[in-house]
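>>> generate a structure from the sequence data that follows.
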Amino acid sequence: MAKLIGIDRRRARVRRAVKAAANGRLRLSVHRSSMHIYAQVIDDTKGVTLAAASTIDKSLRDQLKTGADKSAASAVGKLLAERAVAAGVTKVVFDRGQFLYHGRVKALADAAREGGLEF
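Sure thing, here's the model as predicted:
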């Protein structure tokens, strides 16, 4: 196995902790780029995405000034929570990937909690 460095090590550490804490719950995965933020609820046992939202969705694109700020992240969190609850999902485990739980990632998580997801 190749030696992991930097971001790859953090990603592996977070994924290991998420799998240990999951107990059969679905995973809320977050990806943040310099221009957008993406989130999806994934069933790892079936390999299926049940709900997804991002700043490039047509419903959000016109409302947002930019896709790279906290207000955009909270809008994505609210939209994802609505779609997940409509799909029958209420309990998830939060997978922040290699990103620190700060700023846009935290804003998305807080908005998803307000929208009805529990984690």
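>>> please enumerate the helices of this protein.
7-22, 58-61, 70-86, 104-114 (DSSP state H).
>>> point to the residue nearest the middle of the chain.
V30 (2.9 Å; Cα atoms, centre = their mean).
>>> looking at that residue now. What's its pLDDT?
Model confidence at V30, expressed as pLDDT, equals 96.
>>> thought it was touching A111?
No: shown here, V30 and A111 do not form a contact pair, counting by Cβ atoms under 8 Å, at 11.6 Å. (C-beta placed from N, C-alpha, C; glycine too.)
>>> now the helices of the chain as JSON lines including mean neighbour count, distance to V48 and mean pLDDT?
Formatted as JSON lines, those follow (neighbours: other Cβ atoms under 10 Å; distance: least, Cβ to Cβ, whole Å; pLDDT from 0 to 100):
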{"stretch": "helix 7-22", "mean neighbour count": "13", "distance to V48": "15", "mean pLDDT": "87"}
{"stretch": "helix 58-61", "mean neighbour count": "11", "distance to V48": "22", "mean pLDDT": "91"}
{"stretch": "helix 70-86", "mean neighbour count": "21", "distance to V48": "13", "mean pLDDT": "97"}
{"stretch": "helix 104-114", "mean neighbour count": "20", "distance to V48": "19", "mean pLDDT": "97"}
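>>> tell me what the residue nearest to the centre of the chain is bridged to.
Beta-bridge partners recorded for V30 (DSSP bridges): A39.
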